[in-house]
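J.: with the input below, show me the fold.
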Amino acid sequence: GEVGVAGLTNQSFTITPDIGYLIDTVYVDGVPVYGVDPSGWTYTFYNVSAPHTIAAVFVREQYEVTFSHSLGGTLTVIGGDSINENTRRVYYDDILEFSFLPDEGYQLSDIQVNNISVGAQNPYQLTSVLQNTTLNADFEVLTYSVTVVKHGFGTVTPMAAVDSSYFTTTAFTFTPSFCRQIDSLQLDGEWLSISNPLEMSHLVGSHRLDVYFGEVYYTMTAEPVDHGTITLPPPVVCSGNAVFGLKADPCYSVGHFYLDGEQHDEYLHYVSSDSMRAIVFDCRAPHTVSATFIQKAYTAALTASGS
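T.: Residues are numbered from 1 along each chain as shown. Got it, this is the predicted structure:
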């Protein structure tokens, strides 16, 4: 447009680029002026005594965005003009979108733009760039914790794993008390195969390990016998007593009792003429029993009468 100026007075013009733009060239009376500040400039006509012209040419401002990341993952970028694998050239109104892919066992922990944290947004959009900019992504190793809950009599070592690295193996060792055994293991309510020690790794977050100790029971067996039967007890708890029933066939009686191949008649207790009970005290292992039955002998008395 035109501006009226009184003769022999001064007239100033201030040139201000829009955001995202710079002054490229200023022409005064059709001649380029040197030394112009691209971000904004003022030119003054002094003692105006004739018509003059002033014009300005603006250009979009470009900036470089340089990006990097730590070990533990990769990033991809959409938008801008690629300068090299780690740098994009952008205009003010361009959008750069960064996506982050952690490696196994890692997570995105933080993003810094010009050394200022912007959190761990994934994806992250960089907009309204007005200066050369740096972006760095940090990845960190995932951690896990395991809380042990013990049921019954026994010990677990350790009783917890706190903030263990995803790649760290934690070995839990189980020591049952006397006459106890590991009955079962559960991780977060799911049954595990019994293993001692139990090794854990490659976990994320908080977990619960339930360890169940139970009583030990022993199953008794009997060898085949002749002329009688052996009645076995139900499974016997460790350190408990096992009671065996021995019953002879008609015309037979209980002879001897054998425990794991050795004769132990001292365990026999009389019940009736053809039955006995064998009691084995303080069982700490499964046993195999046997018995012999002997035929009864009768004495006949003869009495003679007459002459």
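J.: alpha carbons only for contacts and neighbour counts from here, please
T.: Noted.
J.: any idea how far His264 lies from Val48?
T.: 136 Å (CA to CA, to the nearest Å).
J.: and for Val141?
T.: Distance, Val141 to Val48, by CA to CA: 72 Å.
J.: neighbour count for these two, which is higher?
T.: Val141 (19 against 15; other CA atoms under 10 Å).
J.: that one - nearest residue in space that isn't next to it in sequence?
T.: Tyr106 (4.4 Å; CA to CA, 6 or more residues apart in numbering).
J.: number of residues surrounding that neighbour?
T.: The burial count for Tyr106: 20, using other CA under 10 Å.
J.: surely Val26 touches Ala56?
T.: Yes - between Val26 and Ala56 there is a contact at 4.4 Å, judged by CA atoms under 8 Å.
J.: what about the two, which has more around it?
T.: Each of Val26 and Ala56 has its neighbours counted (other CA under 10 Å); Val26 has more, 22 against 15.
J.: please name the residues that touch the more buried one.
T.: 32-33, 36, 54-57 (CA atoms under 8 Å, 6 or more residues apart in numbering).
J.: swap in Gly119?
T.: The contact partners of Gly119, taken as CA under 8 Å, 6+ apart, are 109-112.
J.: how close does it get to Gly189?
T.: Relative to Gly189, Gly119 is positioned 34 Å away (CA to CA).
J.: could you do Ala248 as well?
T.: Counting by CA to CA - Ala248 and Gly189 are separated by 52 Å.
J.: next, the buried residues of the longest strand belonging to the chain.
T.: Scanning the chain for the strand with the most residues, using DSSP state E, yields strand 205-215. Under the neighbour-count criterion of 16 or more other CA atoms under 10 Å, strand 205-215 has 207, 209-215 buried.
J.: residues in contact with stretch 241-252?
T.: By CA under 8 Å, 6+ apart, stretch 241-252 touches 227-233, 236, 253-254, 274-283, 291, 293-296.
J.: swap in 7 Å and give it another go.
T.: With CA atoms under 7 Å, 6 or more residues apart in numbering as the test, stretch 241-252 has contacts from 227-233, 236, 254, 274-283, 293-296.
J.: I'd like to know which of those are buried.
T.: The neighbour count (16+ other CA under 10 Å) marks 227-230, 232, 236, 254, 274-278, 280, 283, 293-294 as buried among the contacts of stretch 241-252.
J.: between those, which sits nearest Asn136?
T.: Val236 (67.1 Å; CA to CA).
J.: which stretches in the stretch 201-307 of the chain count as strands?
T.: Secondary structure of the stretch 201-307 of the chain (DSSP state E, counting those that start in this stretch): strands at 205-215, 217-218, 221-222, 228-231, 236-237, 242-248, 252-259, 262-263, 268-272, 275-280, 288-295.
J.: dump the ones you listed to TSV, plus mean pLDDT and distance to Ile194.
T.: Conversion of the strands of the stretch 201-307 of the chain to TSV gives the following (pLDDT from 0 to 100; distance: least, CA to CA, whole Å):
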stretch	mean pLDDT	distance to Ile194
strand 205-215	97	10
strand 217-218	97	17
strand 221-222	98	26
strand 228-231	97	33
strand 236-237	97	21
strand 242-248	97	28
strand 252-259	96	32
strand 262-263	97	35
strand 268-272	95	40
strand 275-280	97	31
strand 288-295	97	28
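J.: and of these, who's closest to Phe153?
T.: Of all the strands of the stretch 201-307 of the chain, it is strand 205-215 that lies closest to Phe153, at 5.9 Å by CA to CA.
J.: Phe174 against Phe153, yeah?
T.: No - the pair Phe174 and Phe153 fails to qualify as a contact (CA atoms under 7 Å) at a distance of 10.6 Å.
J.: the two: which is more packed in?
T.: Between Phe174 and Phe153, counted using other CA under 10 Å, Phe174 has the larger neighbour count: 20 against 17.
J.: and that one, how far from Trp191?
T.: 16 Å.
J.: and the lowest-mean-pLDDT helix or strand in the chain, how far from the chain's centre?
T.: Least confident helix or strand of the chain, by mean pLDDT, DSSP states H and E, is strand 160-165 with a mean of 90. Centre-to-centre, strand 160-165 and its host chain are 10 Å apart (CA atoms, centre = their mean, to the nearest Å).
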